[in-house]
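[1] Sharing a model that was predicted from the sequence below.
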Amino acid sequence: NAGVMQNPRHLVRRRGQEARLRCSPMKGHSHVYWYRQLPEEGLKFMVYLQKENIIDESGMPKERFSAEFPKEGPSILRIQQVVRGDSAAYFCASSRDRAYPGNTIYFGEGSWLTVV
Amino acid sequence: AQKVTQAQTEISVVEKEDVTLDCVYETRDTTYYLFWYKQPPSGELVFLIRRNSFDEQNEISGRYSWNFQKSTSSFNFTITASQVVDSAVYFCALSEAGYSSASKIIFGSGTRLSIRP
């Protein structure tokens, strides 16, 4: 899983603030995935993006959450007006080719969001 | 519907004991992949193994071994001669082959393994 860079690793936000989490995929990878891990739970899929396109956002909450993967720069997961329930670890993963079960996807080390 | 069940929430064993982590999955697809990941206390996800649905051969990697049985929809993970460094949360996961579902890995809720010295 070396190579997928996430920052910040730890982020503290007050209720109502905005949180921005960044993910730089591995070199040569143009597919990015975001997962959320609530405390004491497994990871849950949120969104799958390719450069400049959202391919699958079926796991994204309907409000306050958005994701982008611009042509240049990292993928950004943005959470507006954070609430305590948003406190979780957010993992980014990337792959070279489009999502396919046989492809290896590589996870970053995660970003831990704490809402106080 | 796809689902991964890890019934063991926590396991604690003494060092050098063998331990098996259970994983049961549900899927309607005939083509799918199963995974195991390790999450040590530092928090990152460490990939351990990927197995496709057409390969039921058991796999051994050092002290780790995996038993895949389609008849019981299980993909169990055994650590032989456990060590303190094996202490972590272990996740079993499933990915299906359909275009709309290939992007999603379905994770179980994890088993927290503690190895006591």
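    Structure received. In this text the structure is predicted, and so the values were computed from the model without any measurement.
[2] helices and strands around the helix or strand of chain A with the lowest mean pLDDT, which ones?
    When the helices and strands of chain A are compared on mean pLDDT, DSSP states H and E, strand A:106-107 comes out lowest with a mean of 86. Under the contact criterion of 3 or more C-beta pairs under 8 Å, 6 or more residues apart in numbering or on different chains; DSSP states H and E, strand A:106-107 touches strand A:88-95. Where C-beta positions appear, they are placed from N, C-alpha and C, glycine not excepted.
[3] The strand it packs on pairs with which strands?
    Here strand A:88-95 has these sheet partners by DSSP bridges: strand A:31-37 (antiparallel), strand A:106-107 (antiparallel), strand A:111-115 (antiparallel).
[4] Phi, psi for A:Gly85 please.
    Note on A:Gly85: backbone dihedrals following degrees, to the nearest 10 are phi -70, psi -10.
[5] Next to chain B, which bits of chain A? Give me the list.
    In this structure, chain A approaches chain B at residues A:1, A:33, A:35, A:40-45, A:48, A:55-56, A:58-59, A:89, A:91, A:98-102, A:104-110, A:112, judged by C-beta under 8 Å from any C-beta of the partner chain.
[6] What subset of those residues is buried?
    Taking 16 or more other C-beta atoms under 10 Å in any protein chain shown as the criterion, what is buried in the residues of chain A next to chain B is A:1, A:33, A:35, A:42-45, A:48, A:55-56, A:59, A:89, A:91, A:99, A:101, A:105-110, A:112.
[7] now stretch B:97-113: mean pLDDT?
    Averaged across stretch B:97-113, the pLDDT comes to 80.
[8] and it, how far apart are its ends?
    By C-alpha to C-alpha, to the nearest Å, the extent of stretch B:97-113 from end to end equals 30 Å.
[9] ok, now stretch A:12-31?
    Looking at stretch A:12-31, the gap from its leading to its trailing residue is 28 Å under the measure C-alpha to C-alpha.
[10] mind checking how far that stretch is from the chain centre?
    Between the mean C-alpha location of stretch A:12-31 and the chain-wide mean there is a distance of 6 Å, by C-alpha atoms, centre = their mean, to the nearest Å.
[11] same question, stretch A:22-36
    With C-alpha atoms, centre = their mean as the basis, stretch A:22-36 stands 8 Å off its chain's centre.
[12] For the helix or strand containing A:Cys23, which outside residues touch it?
    Here A:Cys23 is covered by strand A:19-24, with elements defined by DSSP states H and E. The contact list for strand A:19-24 (C-beta atoms under 8 Å, 6 or more residues apart in numbering or on different chains) reads A:4-8, A:11, A:13, A:32, A:34, A:74-79, A:82, A:86, A:90, A:92, A:94, A:108, A:111, A:113, A:115.
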